[in-house]
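1. predicted model and sequence follow; I will ask about them next.
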Amino acid sequence: MINVLTILFCLTLIYLAVTTRLSAYVLILVVQGALVAGVHTLAFFSDFSWSHLIVAAAVLLVRTLLIPTYIVKIIRQLDMGHGDRTRRYHPGFLVQMAGVVIGAFLISHQLSRFTPVNVIPFGAAVAGIAAGGLLIVRRRLLLAHVVGFLIIENGLFLLGIGVQAQMPWTIELAGLLDLFVLVFLVGIAINQLKSHFPEGESAELTGLQE
Amino acid sequence: MIALFIIGLALHGLNLILPALLRDSRRLNIACNLLNAGALLCGLIFSLSALLAYQRVEYRFAVPSTGSVVIGFDGLSLFFLLTFQLLSLAASLYAIGYLPHYIERGLSVRGHLWFFTLLIVSLQLVAVVQNALVFLVVWEFMALGAYFSIVFERTKEQVRRGGFWYLVATHACVLLLYVCFLVLHEVTGSWNFDDFARHAAYEPKTLALVLLTGFAGFGIKAGFMPFHVWLPNAHPAAPAHVSGLLSAINIKAGIYGIARLMMILPAQEAAYGWGLLAVSLISAVLGVWYALAQHDIKKLLAYHSVENIGIIGLGLSVAWLGRCYALPELVVLGFAGALLHTLNHAIFKGLLFFGAGNVYLHAHGGNIEKMGGFARVIPLTAVGFLVGAISICGLPPFNGFVSEFIIYKSFFRAADLLHGYAPLLLLFAAVGLAFMGGLAVACFTKLYGIVFLGQNRAGVAARRQGEPGSSSIVLLGLASLCAIIGIFPDTSLRLVGPALGELTGADQTAAEWVSPIGQLQIVFLLFLALTVVIYGVKVWLQGRTVVRLAETWGCGYTAVTPRMQYTASGFAAELVQLGRPMLDFAVQWTPLQSVLPVARAFHSHCHDRMENGWLLLNRGIGRLLGALRWIQSGDIRHYVLYVFAAVGFYLLCALVW
Amino acid sequence: MVKLSSDPLSWLMCALFFAAAPLLTGIINKVKARLSGRFGPTVWQPYYELLRLARKETVYSTSAGFISRVAPVLVWCTIAFAALLLPLGRPAAVSFPGDIILFAYLLALGRFFQILAALDVASSFEGMGASREARFAVFAEPIFFFTIGSLAIVTRRYSLDTVFAEISWRDPLFFVFVSVGVLSLFFLVSAECSRMPVDDPNTHLELTMIHEVMILDASGFDLALYQHAASLKLLLYSTLAALMLNPFGVFGPAVGALVYLATLLGLAAALAAIETLMARFRLLLVPQFLLFGTAIGILNILIFTFSRQS
Amino acid sequence: MITILALLFLPLVATAFTAWKRSTHTNHRVTLVVGVAHLLGSLHCLVTQQNPFPSDWWLAVDPLAAFFLTILAHTFVLVVLYSPGFLRRMDGPEYDRSKRLFYPALNFYLLANTLALVVQQFALLWVLLELTTFSLAPLIFFYRSKESLEAVWKYLFLVSLGLVFLFVGVLFFGLSARGVADSASLVVPRMADAAPRLNPLWLKAGFIFALVGLSAKIGLAPMHPGDIDATSNAPAPVAALMAGSLRSTAVLALLRFYQVVSPTEVRPFAQKLLVFAGLFSLAVAAVYIWRNRNYKRLLAYSSVEHLGIIALGVGIGGVALLGALLHLLFNSFGKAALFFMAGNMHRSYGSREVNSITDLTRRLPWTGFVWVLAFFYIVGTPPFGIFFSELFVLQGMIRTADWLPFTLFLALLMVIFIGMSRVVLRMLHTPSAVPPPSVANTERLNLSHALGLYAIAASVPLAIFQPAALFDSLRAILATFGVKL
């Protein structure tokens, strides 16, 4: 069952490469949040303990509800609306994203021969991190960078599960709190940016160079 | 006796506080320099008496980070201490008469005098410290003191550039010395020079590394040829009393370093001796050839310092060969020649730079093409400068001849004792020395003739009348020193005795080879007697006939103007053009277009090929580094790409290693 | 180490040397006149010149300083003292190991003051002469060191007094060494003593002179000193060349003196012949002429050391 | 027990108090008291070398932490002393909000850093490093100008991204401890003891991710750009704080990872990696120091250079490790002095361009004097501390006889010296075209110069007389890395 959810996670990554609309990004974030929460509960279903349940619920709550609504609030507040429609659709991005996902799974397959690591979640995690990075590098919109960062965080969370590292629940919560504070700060920064940089493209942000 | 030295240092210490107390520049200048002079006098008395009644004294105190710090007064240190103190005394006294000129122009002297005292103190400490780490610390103080003394008139761009050249050269020298002393410390486990000497078993590889980096480091400071480039830029930038101090004794710190390395390290490889001989010969001949082409007095004298450093290097290389082939006579002659020439060069180079300072006070700028006839304006300086010029060319009655004579003698003795190709190479070295002597005569007759004799080429009266009192006394004092050492060589030979004794281990053998040179005074006295007699005859004869003044014979041309006198560039044109491959002699002049005479200009300038080489290297580094400037592109997406690229690269390395 | 000769005869020889100097110049002029078909002035003419000048008045230029008054004395004394170092049959008046270097540097001191005296009178002609003198002197020094210096290294003796004693005519290699040495010394003579290939002694065109133009403004006793010094320098270098053949060593003092005088006359005749037959070199060629002298000096010492080693 | 109070509890209370209190004056006094208490507490730990926390807890002050705590506290006190002089000159309404936030953020920074230094658990370390980054955000954003906004955005984004990689490293370390039951909880001492039994493959991968993650915060190339922008656009006290203490916290985190790796056979690889990172940072610093128009960016690149030297020292090991630790201490001294003087110049001339600084010796004589002295200090002129620490690093390189880094190191030092002296000396000496101002408004000796001079002079006795208190704890640290001196 975990494998099915992780495969879905990879599908959302592929879809990421296709769309440029901000609302689509938010949708992807919500779906991924739910998937990750699901994978988390299923992974530790065997040794059931209250702590895992609390963590899963917190993950579900933060990743699917709090952060996406906050991002929607930012979008509506800065009325970016349609995102960087100006960019024509590039097939190259899709090819790169596919390559990354396939590469990730190949690496995790190789690695699984040396050390006990379950292939699919580990592959999905590495794909998630790489995809987030690719999104940041390819897109000019600052909000796209934030979304890319959040996808990397999801990939990171999946990695935790893929590696079966039973982190004590306090650290999980601390990580989540940390994530939330980061998004909150980034939100403040973006609306500050709005006052200084009209379109919020990263192009303007090249003042500090040699 | 050590008490005197400590009193000296205490007085210097007081001098470091003085600038904060006294506000008025004029009184500060006199008080500060007099205090310095007093301190140096005590130090001088100490080092003289310690040298004459010599026994090795050292004081040892423990410091956790550097092991036991040794302050040692052995023969070599005392000799260099004496030289440093003598010239610092002259520079301080000269500064009293020279600095008021700057104070009138409104330049604040407080900071300058503070660093000038720091320079003098650290120079003395460099000579006596026997611990490598403390040596580096004091060496850097000397560099800082010298740098801030050079950039005294920092409003001028050329002064700032000169100071920058100096700082970069000193830092390169220090980095090389790090390597040298660190490897020695690694092999012997302590920082003291005598522990380096006591440790016999150096394998050839480490010895080679230590010698190369040590010679290169001290060579940069001394100004041997490939590294001399900072010298002609830094010394003209400094005011006269500082550039005199720099040229006379600051570069001698490099020579002290090389001499100390020679004493400590076992001499197995003769190749270093021949290498030093080659470098010194090139430095000497090319140094004087570049000097010939200069139009600025101080730059000319700076290039001459490179020449004299070459001569000292010749002496040192013969000493090194002596140590390699275990011939104590060569070691004694080589070292005696080198050390004596260090002292002599310090004296007459200080004399010449102080003379140049007096000329600068009266001239309208540095270019000698616009000077002439200063002998009538500043007669005492003219006499002093003449004595300095004669002794720098190594001509007999003065002290330059004595040390060059010893170096010639060491060449000829080496030619006797060594076999194989050695006699030939040494003959070539002797001929090189003679050839360079001829060039020096040409160069200094040009300088003295153009600046002091004849009439002022610009046809303009001197900027001010009269000589600054104290500075002419200093000039005449140094000139008389040149004469005394020149005519009575054994006075200075007894100063070198202790150092030579330590080198060859046996005290009396050193005297037996060197002291016969001391008896030369009979020859010089006979020569002076002959000159006085003939001058007497001349005066007596001319007394009986009429002596009258008339216009110079112009071969019938009546409208003779001062501008028709021979110019400096004309005087040296052919000789400089002969050296064209080495000297990049560039001439810009407007060619003749029309029959009727129209205003024309002629400008010749001699670039130093090695300086161009170093500047090329500088541009190369700039271009190389410029090629990497895209890293900080400003776009955040590139920075994220760098992060992922770094991870990928390190993972690849993980697979390989 | 410094040996002042106790034998009065050597001091007498020196006095004779100073007296005979103008005679050699007179002889050269006489031979030159004869070769060009003229009867020419008497051999003693230079003496009359010197006496006339000693009595005439002295005129100094307005722009001349103390250098012009001291220089003639110093020029004469340096060359005279250099003459004291030479062994003329008897041991040299003053001798010590290493007096070769003193000999060379004394001549350099004389040249130093002569150039300064030329620059002192602020005239462009004298400046030109001074510049040429300084330039040629630079290339003359190596010739001296290659001839006498290499002889010193080969015979391991460094005093003029003893360096020639070693030369023996029987050793064929030595003979080659000595003859080449005399030839390069001959080049030195023409450069230093203003003889024909380098400088025409009796030209009247100031632009072409080298040595004459430097003493253009000298007069009275100063000029006498300069001219006597010039002839003394000519005798000095000719004696050096003559001593290279080591006449006193091989034939003993009496016959040696005769052979010495014969070689002097031979050199004088050769100089006179060259002066009548050749024109003066262009000034730019003079350094090459002197470098040629140095080259044969180098070749000479190379042949000698390699042959000596095998 | 009091030390725990001083180290942790006081900063927490101070943060709350200064956040609530309005007047910056009282806030300054409170922060100063807390800073001094913190300094005394960490000095106490350093000298007595005993751990105030209960043993085997997630927080522990081992000799390594004590040394870094002293650096943090010392730099913090210096910055707090300098701040009022700096803030007083920030007149103008747009700075009121920033001034309001200044002291609370400083206290929170102290708290977060102290926690990050004493924590022993890797995952908690990751969280606390995130906290220290957030604590700096308002401080960097002080000027509220376009550049500072861009600097904050880049700094936050890049460092957080780096820390994500750090978390991946922590996970891999957890993975390597899978087989060994007792060290599963990622506690540093227990993992260090069980190190030989850990799985070397994951250890190697973990160390790589940790190094990349942390070098964004340390400022090692190629992840240095974000850090450069932040340091050069932050106000002077904050820049001094970043250059002095923030980077040393990140270095401590790296040393924690290195502590686990050093007993295993992954150590040579880790050392090669560190040497490469160090030399590459030196090279990048040399590139940008050679020709630079902005003196604050010059100081930022000088920090990259010195952190490169520290990484190089750790990578070489042995005596070089001692040199690296000393270099950390002395670098924080030098950077404090340099940034304080840069702050004075920025306030007086109003611009960061090197060409705009003219007539320094006449207009700001004391700043000029301390500025040049600090330049000679940071470049490694003998009597000062940096010279001795660089000498230790060189000694380490000779002992392990790897000559390539040795020559590269010296060559890059020379290039950097030429670049920096060209800028600093031009600032000192260029005369201004306009006639110089009257003597009246030249600068008097004030607290900032005293602090600068104290910072430079303090390193001399430490380096020369090697006080036992400091060097015993340094030897204890070296022992934890298996280095016998």
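-> Perfect, I can see it now. Numbers count the residues shown, from 1 in each chain, chains lettered A, B, ... in the order given.
2. show me what residue of chain A gets nearest to chain B.
-> At 3.0 Å from chain B, A:Q209 is the closest residue in chain A, using C-beta to the nearest C-beta. In short, each C-beta sits where N, CA and C put it, glycine included.
3. which residues are in contact with that residue?
-> B:Q632, B:S633, B:G634 (C-beta atoms under 8 Å, 6 or more residues apart in numbering or on different chains).
4. buried set for the helix or strand of chain A with the lowest mean pLDDT?
-> Counting by mean pLDDT, DSSP states H and E, the weakest-scoring helix or strand in chain A turns out to be helix A:169-196, with a mean of 73. Within helix A:169-196, the residues scored as buried using 16 or more other C-beta atoms under 10 Å in any protein chain shown are A:169, A:171-176, A:178-179, A:182-183, A:185-187, A:189-190, A:193-194.
5. what packs against the helix or strand that contains B:I6?
-> B:I6 is located in helix B:2-21, with elements delineated by DSSP states H and E. Counting contacts by 3 or more C-beta pairs under 8 Å, 6 or more residues apart in numbering or on different chains; DSSP states H and E, helix B:2-21 is packed against helix B:25-52, helix B:110-128.
6. what's the most buried one of these?
-> Counting by mean count of other C-beta atoms under 10 Å in any protein chain shown, helix B:110-128 has the highest mean neighbour count of those, with a mean of 23.
7. so after it, what's the next helix or strand?
-> Counting by DSSP H and E, the next helix or strand C-terminal to helix B:110-128 is helix B:132-150.
8. from the stretch 351-500 of chain B, which residue is nearest to chain D?
-> B:G365 (19.8 Å).
9. near chain B, which residues of chain A show up?
-> Counting by C-beta under 8 Å from any C-beta of the partner chain, the residues of chain A lying close to chain B are A:130, A:133, A:136-137, A:140, A:145, A:202-203, A:205-210.
10. keep only those of those that are in helices.
-> If you go by DSSP state H, the residues of chain A next to chain B have A:A130, A:G133, A:I136, A:V137, A:H145 in helices.
11. look up which residues are beta-bridged to D:V119.
-> D:V119 forms beta bridges with D:L59, as assigned by DSSP bridges.
12. quick one: contacts for it?
-> The neighbours of D:V119, taking C-beta under 8 Å, 6+ apart as the test, are D:W58, D:L59, D:L125, D:L128.
13. cool, and D:H327?
-> Neighbour list for D:H327: D:H306, D:I309, D:I310, D:G313, D:I386, D:S389, D:E390, D:V393 [criterion: C-beta under 8 Å, 6+ apart].
14. switch the cut-off to 10 Å
-> Listed by C-beta atoms under 10 Å, 6 or more residues apart in numbering or on different chains, the contact set of D:H327 reads D:306-307, D:309-310, D:312-314, D:320, D:334, D:380, D:385-386, D:388-390, D:392-393.
15. in the stretch 401-550 of chain B, which spans are strands?
-> Ranges of strands within the stretch 401-550 of chain B are B:547-550, based on DSSP state E, counting those that start in this stretch.
16. tell me which parts of it are close to chain D?
-> Neighbours of chain D within the stretch 401-550 of chain B, by C-beta under 10 Å from any C-beta of the partner chain: none found.
17. any weak-confidence spans in the stretch 401-550 of chain B?
-> Applying pLDDT under 70 to the stretch 401-550 of chain B flags the ranges B:505-512, B:515.
18. would you mind naming what in it lies close to chain A?
-> Where proximity means C-beta under 10 Å from any C-beta, the stretch 401-550 of chain B presents no interface facing chain A.
19. isn't B:F444 right next to B:A291, touching?
-> Yes - using C-beta atoms under 10 Å, B:F444 is in contact with B:A291, at 9.0 Å.
20. show me whatever sits in contact with both of these two.
-> B:L300, B:L301, B:H304.
21. how near is the first one to B:V514?
-> Just to be clear, that refers to B:L300. B:L300 sits 33 Å away from B:V514, going by C-beta to C-beta, to the nearest Å.
22. what do you get for the second one?
-> Relative to B:V514, B:L301 is positioned 30 Å away (C-beta to C-beta).
23. ok, now A:E172?
-> For A:E172, the distance to B:V514 equals 88 Å [C-beta to C-beta].
24. any regions of chain B where pLDDT drops low?
-> Applying pLDDT under 70 to chain B picks out residues B:505-512, B:515.
25. which residue is it, in it, that comes closest to chain A?
-> Proximity of chain B to chain A (C-beta to the nearest C-beta) peaks at B:G634, 3.0 Å away.
26. tell me which residues touch that residue, please.
-> Neighbours of B:G634 in contact, by C-beta under 10 Å, 6+ apart: A:L205, A:T206, A:G207, A:L208, A:Q209, A:E210, D:E150, D:K154, D:P225, D:D229.
27. before we move on, the earlier item: I'd like the residues of chain A next to chain B as JSON lines, with pLDDT appended.
-> Converted to JSON lines, the residues of chain A next to chain B look like this (pLDDT from 0 to 100):
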{"residue": "A:A130", "pLDDT": "92"}
{"residue": "A:G133", "pLDDT": "91"}
{"residue": "A:I136", "pLDDT": "89"}
{"residue": "A:V137", "pLDDT": "88"}
{"residue": "A:R140", "pLDDT": "79"}
{"residue": "A:H145", "pLDDT": "86"}
{"residue": "A:S202", "pLDDT": "55"}
{"residue": "A:A203", "pLDDT": "55"}
{"residue": "A:L205", "pLDDT": "71"}
{"residue": "A:T206", "pLDDT": "73"}
{"residue": "A:G207", "pLDDT": "73"}
{"residue": "A:L208", "pLDDT": "75"}
{"residue": "A:Q209", "pLDDT": "73"}
{"residue": "A:E210", "pLDDT": "70"}
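28. hang on, D:G318 packs against D:Q395?
-> Yes - when contacts are counted by C-beta under 10 Å, D:G318 is listed as touching D:Q395 (8.6 Å).
29. just checking, next helix/strand downstream of the helix or strand encompassing D:A123?
-> Assigned by DSSP H and E, D:A123 belongs to helix D:122-140. Downstream of helix D:122-140, the next assigned helix or strand under DSSP H and E is helix D:146-176.
30. quick one, that next one and helix A:169-196 angle?
-> For helix D:146-176 against helix A:169-196, the angle by axes from the mean of the first three to the mean of the last three C-alpha atoms, to 10 degrees is 160 degrees.
31. could you identify the helix or strand that succeeds helix D:146-176?
-> Following helix D:146-176 in sequence, per DSSP H and E, is helix D:188-193.
32. tell me the mean pLDDT over that following helix?
-> Across helix D:188-193, pLDDT averages out at 84.
33. so what secondary structure elements neighbour the helix or strand following it?
-> Next helix or strand after helix D:188-193 toward the C-terminus (DSSP H and E): helix D:200-218. Packing partners of helix D:200-218 (3 or more C-beta pairs under 10 Å, 6 or more residues apart in numbering or on different chains; DSSP states H and E): helix A:91-114, helix B:636-656, helix D:122-140, helix D:146-176, helix D:225-233, helix D:247-261, helix D:267-290, helix D:295-316.
34. where in chain C is pLDDT low?
-> C:308-310.
35. select the longest helix from it.
-> helix C:8-35.
36. buried ones in that one?
-> Across helix C:8-35, burial judged by 16+ other C-beta under 10 Å covers C:10, C:13-14, C:17-18, C:21-32.
37. helix, strand or coil for B:Q294?
-> Following DSSP: H, G, I helix; E, B strand; the rest coil, B:Q294 is assigned to coil.
38. how many neighbours does it have?
-> Residues lying near B:Q294 (other C-beta atoms under 10 Å in any protein chain shown) number 27.
39. got the contact list for it?
-> By C-beta under 10 Å, 6+ apart, the neighbours of B:Q294 are B:232, B:236, B:300-304, B:368, B:443, B:446-447, B:568-569, B:572, B:576, B:605-606, B:608.
40. number of nearby residues for B:Y256?
-> 25.
41. now name the helix or strand holding it.
-> Per DSSP H and E: B:Y256 is located in helix B:252-264.
42. quick one: that helix to chain centroid distance?
-> Distance of helix B:252-264 from the chain centroid (C-alpha atoms, centre = their mean, to the nearest Å) equals 15 Å.
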